[in-house]
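Colleague: I would like the atomic coordinates for the input below:
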Amino acid sequence: MAQGKLEKIKILAYNNPDFADNHKVGNTFTAMINPESYVLDYKVEFTEGQGAGTSAATQRFNVKKPEEMAFEFLFDCTGITNGEKRDSIHDEVESFKLMLLEYDSASHEPKHFKLVWGNFIFKGRCNSLSITYKLFNPDGSPIRAICKAGFKGSIEETLRVATENPQSPDLTHYRTVKMGDTLPLMCYNIYGDSKYYLQVAKVNKLYNFRELAQGTELFFPPLVKATS
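Modeller: Numbering: from 1, shown residues only. The predicted structure follows:
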C-alpha cells in the first residue's frame, strides 16, 4: 500500500487557456473529501460514406473529441466529516457554482480550470453541474449536498499545434481566435490558401466573420470538406 501525505483534489481557475500563473483568478477550491471515483469519457467521430457500386459504407475519421470527465464533490456542515458544525452549506455551494459557471469579468467568457489531484492533472472547462441536496435543518436550509461537475478537456495552443500538425490540410483542426486573427489569415495558416474562408464561416455559422471575438473556438474541417 502506498504511504504518504493525503492529497486533496484542488480546482484552480484561469481566465486564459495558457494556464499561466499570472492568469489565475479567484481562490483555489479544495475538496472537503476526495471523490470515491471519477469518470473519463473518450469519443472519436467518424463520417460514413458509400461509394458507387460498393455494398458497404466506409468510415472516415473526422475528429477526436476532447476528453470529458466528471467528479462528485461533497459539501457537508453537520460536523461528521471534519468536526466543524455550521448552520448551512448554501453559501459554499453557491460559491462553488459561481466559480464553475460564472463568466470571467476580464475575458468575458467562462473560466478555464486545472484540476490537480496528486500527480493527476486535468485541464478544461466546466460543461455541466448538477446539485443534489441531501439533508436539511428544520427550517429547510441545506446541510449536505452532492455536486456533480463535468469538465471538457483542453490543451494549451502550443501543444495543440504540435500535436495536430497544422501543415496537414487534410486533417480536422480546432483553433482559438487570438488578437489580430482574421478568418482568411487563419484559413491561410491551416490550408495554405485564404480562399476557403467563406466555407469555414458557413461551417461555424458565422454571420459576421469580419469581427471575430477573441477566445472563440473555430472548427476547420478537412480540405476535402471545406471545398465541397
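
Colleague: pop the domain breakdown of this structure in here.
Modeller: Annotated domains of the chain cover 10-48+60-153, 159-226 [automatic domain parsing].

Colleague: got those domains as TSV, with mean neighbour count columns?
Modeller: Backbone N, C-alpha and C define where each C-beta goes, glycine included. TSV is the format used below for the domains of the chain (neighbours: other Cβ atoms under 10 Å):
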stretch	mean neighbour count
domain 10-48+60-153	15
domain 159-226	15
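
Colleague: looking at this structure, which strand is longest?
Modeller: Longest strand of the chain, by residue count under DSSP state E: strand 120-136.

Colleague: what is the mean pLDDT for the helix or strand just after that strand?
Modeller: Using DSSP states H and E, the next helix or strand after strand 120-136 towards the C-terminus is strand 142-153. The average pLDDT within strand 142-153 is 93.

Colleague: strand 142-153 relative to strand 120-136, how many degrees between them?
Modeller: Interaxial angle, strand 142-153 versus strand 120-136 (axes from the mean of the first three to the mean of the last three Cα atoms, to 10 degrees): 150 degrees.

Colleague: what's strand 142-153 packed up against?
Modeller: Counting by 3 or more Cβ pairs under 8 Å, 6 or more residues apart in numbering; DSSP states H and E, the packing neighbours recorded for strand 142-153 are strand 68-76, helix 90-101, strand 120-136.

Colleague: strands paired with it, and their directions?
Modeller: Applying DSSP bridges, strand 142-153 is found paired with strand 68-76 (antiparallel), strand 120-136 (antiparallel).

Colleague: what sits against K97?
Modeller: By Cβ atoms under 8 Å, 6 or more residues apart in numbering, K97 lies in contact with L129, I131, C147.

Colleague: strands of this structure, residue ranges please.
Modeller: 10-14, 24-30, 39-41, 44-49, 58-64, 68-76, 112-117, 120-136, 142-153, 173-176, 217-220.

Colleague: low-confidence ranges in this structure?
Modeller: Across the chain, residues meeting the criterion (pLDDT under 70) sit at 1-5, 48-64, 155-172, 223-228.

Colleague: could you redo the last one with a cut-off of 90?
Modeller: Along the chain, segments meeting pLDDT under 90 span 1-7, 16-22, 32-33, 35-69, 78-88, 103-110, 117-123, 153-181, 185-228.

Colleague: pull up the gap between the closest residue to E84 other than its chain neighbours and V93, please.
Modeller: Of all residues not flanking E84 in the chain, C77 sits nearest, at 7.5 Å (Cβ to Cβ, 6 or more residues apart in numbering). In this structure, C77 and V93 are 10 Å apart, going by Cβ to Cβ, to the nearest Å.

Colleague: in TSV, list the strands of the chain along with distance to D87.
Modeller: Listed next are the strands of the chain as TSV, based on distance: least, Cβ to Cβ, whole Å:
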stretch	distance to D87
strand 10-14	25
strand 24-30	21
strand 39-41	33
strand 44-49	48
strand 58-64	47
strand 68-76	13
strand 112-117	29
strand 120-136	12
strand 142-153	8
strand 173-176	43
strand 217-220	42
